[in-house]
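Student: mind folding the following:
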Amino acid sequence: MDLPIVKIRRSQGDEALLEHKLTPDEQRVFKAFGSAAAKLPKDAALSAYHRTVADLGEQFWPHC
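Tutor: Numbers count the residues shown, from 1 in each chain. Predicted structure coming up:
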């Protein structure tokens, strides 16, 4: 999976993220996370978002 965005460090600043062009894999990951978050109720607890992100993250990065 081609995810160069994860190699951008905080020390590179916000501009590095803003200037980054998402790869097709990155677009797929962001879309999946956005779709999963959108399915949660508007008043969902922050812990529900954390759990959703963690569960989905394991699907993309099972070695973590």
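Student: residues in contact with the host helix or strand of Gly57?
Tutor: According to DSSP states H and E, Gly57 maps onto helix 46-60. With contacts defined as CB atoms under 8 Å, 6 or more residues apart in numbering, helix 46-60 is touched by Met1, Val29, Ala32, Phe33, Ala36, Ala37, Leu40, Cys64. For the C-beta atoms, the positions are set from N, CA and C on the backbone; glycine is no exception.
Student: find the nearest non-adjacent residue to the second one, please.
Tutor: Same thing as Val29. Phe60 (5.9 Å; CB to CB, 6 or more residues apart in numbering).
Student: distance of the residue lying farthest from the centre of the chain from Phe33?
Tutor: Note on the chain: the largest C-alpha distance from the chain mean falls to Asp43, namely 20.8 Å (CA atoms, centre = their mean). To Phe33, Asp43 is 20 Å away according to CB to CB, to the nearest Å.
Student: where does the prediction get shaky in this protein?
Tutor: 62-64 (pLDDT under 70).
Student: again, only using 90
Tutor: Counting by pLDDT under 90, the chain shows low-confidence ranges at 1-2, 6, 57-64.
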